[in-house]
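Student: here is the input, now give the coordinates:
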Amino acid sequence: MSEPTDLSLLDIIKRQLALREAMAKNPRYRADAYVFVCEGVNYTCSRLGERRHVSGRELVEGLCDLAVERFGYLAPTVLKHWGVTSTEDFGEIVFTLVEHGLLGKTPQDSKADFQNLFDLGKTLRERYRMDDDGSSDN
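Tutor: Model prediction:
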């Protein structure tokens, strides 16, 4: 998944309108979830050290890291409040954004790339408990 760069004011307005259309089409997720996924694409690319296409798994891994970084132990609660309880939910949001021109995809990308990757809540809780050296805080 990739996101356009170097936007003019008109582009920003068009993106805002497209984002509203995307949210209206799939309202089971809160607006914050859509914005978070867009931000997560940038976050994931910056962590990879280059602006390139990222796989569904890479994106979900980056979204989990960003959620823990921003929300700490509340990450599972925040995402659940937004309607996101599984990796499949991230896929639904991504493909809604793709459909409205807010993210790009390759012909090989599909919603299946997001299915059953891992238990989202458990993974977020585990990542929060991890120290910098990889050991658990228990």
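Student: where does the prediction get shaky in this protein?
Tutor: Scanning the chain for pLDDT under 70 picks out the ranges 1-7, 130-138.
Student: can you do 90?
Tutor: Applying pLDDT under 90 to the chain flags the ranges 1-26, 48-53, 100-102, 127-138.
Student: center of it - which residue?
Tutor: Closest to where the C-alpha atoms of the chain average out (CA atoms, centre = their mean) is V37, at 3.0 Å.
Student: could you check how far the closest residue to H81 other than its chain neighbours is from G72?
Tutor: Distances taken as CB to CB, 6 or more residues apart in numbering place R30 nearest to H81, at 7.1 Å, with adjacent residues excluded. Where C-beta positions appear, they are placed from N, C-alpha and C, glycine not excepted. R30 is 19 Å from G72, where distance means CB to CB, to the nearest Å.
Student: neighbour count winner among these two?
Tutor: Between R30 and G72, counting by other CB atoms under 10 Å, R30 is the more crowded of the two (16 against 11).
Student: which phi and psi does the more buried one have?
Tutor: phi -70, psi 160 (degrees, to the nearest 10).
Student: distance of it relative to L79?
Tutor: Distance of R30 to L79, given as CB to CB: 10 Å.
Student: show me which residues of whichever strand or helix holds the residue nearest to the centre of the chain are buried.
Tutor: Assigned by DSSP states H and E, V37 belongs to helix 31-48. Across helix 31-48, burial judged by 16 or more other CB atoms under 10 Å covers A33, Y34, F36, V37, C38, G40, V41, Y43, T44, C45.
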